[in-house]
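1. coords please:
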Amino acid sequence: MPGPFGSEERVTMEITAEAVKKLRERTGAGMMDCKKALVEAGGDLDEAVKVLRTKGLAAAAKKAHRTASDGMVTVSGDSRRMVILELNCETESVAQNPLFRSFAEALAAQALAGGIGSVEALRAQACAGEPGYSVDQAISLKVASFGENIVLKRLALLEAEGDNRLGSYVHMGGKIGVCVQVSAAVSDEALHDVALHIAASDPRYVSRLAVPAQVVESEREIALQQSRAEGKPEQIIERIVNGRVEKYFADTVLLEQPFAKDPSVTVGKHLQAVGGAGATVVGFVRFRLGEDSGE
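-> Numbering: from 1, shown residues only. Below you'll find the predicted structure:
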């Protein structure tokens, strides 16, 4: 006479390695989760997918508190319109999973197609790749697939103005992503070089005119206090303060940073040298994986 688990044991014996493999390929879920889902579904592959999805929606809330600081930054679009998006997970192994990466790319493509520029708006949309589910629910389903918290952290939509053009650069397989808008005078090569420079040098502002007045005043105050603490003569402190504020601009303002490929010139001077007086950067967005979005 079979024991209390006899029926489950018989079904388990009927679950083949090939069936588990097929379910893993469809869902990305772990081997044991796939086997359990197939047992629950009596070996039916489609039903097993539904089991995993149902459990995923239930499990998402339990994993929501877990830190998700890995993942990828991806860019979708062309010279007229672009979306940059960051999708987070917990570990490098999931971040490198092709199913996770294709999901991030699909979300960016959906945001681009719909002209969606906020996380909240995208989460509320019907998910293009998961019929019958919203993007928010589709993200929850991925929690079951990967066994980790999955977070759509941020996205931005950029649209070129007038004759301006957009370019992008993704560094280290999605650790840093950049979208940049330049004037029409900037060549494709220079556009690529500027995007690469932004990824490497982490500017905060396009020009010094874009730096908030309160930020400049704060830097001046810091420089003043430092100079006095160092015992600098009062008659030269103003000159020292001005020099340190200029150094702040050179560190944080894109057009005044030393150009990554030729530090003897600034980014602004380089663009004018290769594209003429009208060659400049209009704006940019830089996402670094795992950083605070308020940075």
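2. So what's the residue count around Gly42?
-> Neighbour count for Gly42, taken as other CB atoms under 10 Å: 11. C-beta: built from backbone N, CA, C; applies to glycine.
3. Distance check, it against Ala48.
-> Counting by CB to CB, to the nearest Å, the gap from Gly42 to Ala48 is 9 Å.
4. ranges for the helices of this protein?
-> In the chain, the segments counted as helices under DSSP state H are 6-14, 17-27, 31-40, 45-63, 92-95, 98-114, 119-124, 135-146, 188-201, 213-229, 234-252, 267-275.
5. out of those helices, deepest packed?
-> Sort the helices of the chain by mean neighbour count, taking mean count of other CB atoms under 10 Å, and helix 135-146 sits at the top with a mean of 23.
6. could you give the angle of it to helix 17-27?
-> 150 degrees (axes from the mean of the first three to the mean of the last three CA atoms, to 10 degrees).
7. Centre of the chain to helix 135-146, how far?
-> Distance of helix 135-146 from its chain centroid, counting by CA atoms, centre = their mean, to the nearest Å, is 18 Å.
8. Average the pLDDT values over that helix and round to the nearest integer.
-> Averaged over helix 135-146, pLDDT sits at 89.
9. orientation of it relative to helix 31-40 in degrees?
-> Computed by the same axes, to 10 degrees, the angle between helix 135-146 and helix 31-40 is 100 degrees.
10. Pull the contacting residues for the most centrally placed residue in the chain.
-> Residue closest to the average C-alpha location in the chain (CA atoms, centre = their mean): Glu86, at 2.4 Å. With contact taken as CB atoms under 8 Å, 6 or more residues apart in numbering, Glu86 is in contact with 71-73, 152-155, 177, 287, 289.
11. Widest-spaced pair of these?
-> Spatially, the most separated pair among these is Leu152 and Gly177, at 14.5 Å (CB to CB).
12. higher neighbour count, these two?
-> Each of Leu152 and Gly177 has its neighbours counted (other CB under 10 Å); Gly177 has more, 26 against 21.
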